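J.: What follows is a predicted protein model with its sequence.
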Amino acid sequence: GLISASSQAAVYYPHGLATNLDGTNVMVPASHMALRTIAFNDSVAFPWFAPAGFQRGTVNNATSTGYLSATTGEFTAVSLSEGQRDSLYLNKINPIGNFPGRGIAVFGQKTLNPTASSLDRINVARLMVYIRERLDDIVKPLLFEPNDAVIRMKAKNIVDGLLSQLVTTR
């Protein structure tokens, strides 16, 4: 039933079990874990690094993964098998796995981009946003300047500098 399509959106599964401020357990949506993981990724790397896997995709704001049981109304823990994770990923749902001895980790980084390409990855989508924002900032001084060889060379040097910095930071 997932019909949304966007390079700026992603879906994660399953939900998590976290501790509330008063110490009680609460079920949190998968996005709760994913956003915290993305923030962690950005604190140890750059937005264009994948916020997934055991290096930057570890989940530290939940103790378990699972779903709300329709029959009992209680949180039911689930540990996705490799086949289940693969099936979810093929359907553009980023699995959050509970790995014995390793903990909980986001194990996918697909967006809901309708076209399969490198642009359907979260890190690439975030890189494109970063480049657009930086270009918007750094070429503003050239706005309303004459469209001549001097200004075009300045623009080229500015853009080359930005892209060189990106290459340097991987």
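T.: Received it, and whenever you're ready, just let me know what you need.
J.: ok, now how distant is residue 29 from residue 78?
T.: 15 Å (C-beta to C-beta, to the nearest Å). (Each C-beta comes from the backbone N, C-alpha and C, glycine too.)
J.: How about the backbone phi and psi for residue 109?
T.: phi -150, psi 40 (degrees, to the nearest 10).
J.: For it, give me its contacts.
T.: 10, 50, 51, 52, 94, 121, 122, 123 (C-beta atoms under 8 Å, 6 or more residues apart in numbering).
J.: Let me have those residues in CSV, extended by pLDDT.
T.: Below are the contacts of residue 109 laid out as CSV (pLDDT from 0 to 100):
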residue, pLDDT
10, 94
50, 93
51, 95
52, 95
94, 96
121, 93
122, 92
123, 93
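J.: So which of these sit within strands?
T.: The members of these that map onto strands under DSSP state E are residue 94.
J.: Residue 104 falls within a strand, correct?
T.: Yes: remark: residue 104 belongs to a strand, assigned using DSSP: H, G, I helix; E, B strand; the rest coil.
J.: where do the helices sit along this structure?
T.: Here the chain has its helices, by DSSP state H, at 30-44, 53-56, 82-90, 122-138, 149-168.
J.: Poorly predicted segments of the protein, please.
T.: Across the chain, residues meeting the criterion (pLDDT under 70) sit at 1.
J.: what about 80?
T.: Applying pLDDT under 80 to the chain flags the ranges 1-3.
J.: Give me the residue at the spatial middle of it.
T.: The geometric centre of the chain, computed from its C-alpha atoms, lies nearest to residue 122 (C-alpha atoms, centre = their mean), at 4.6 Å.
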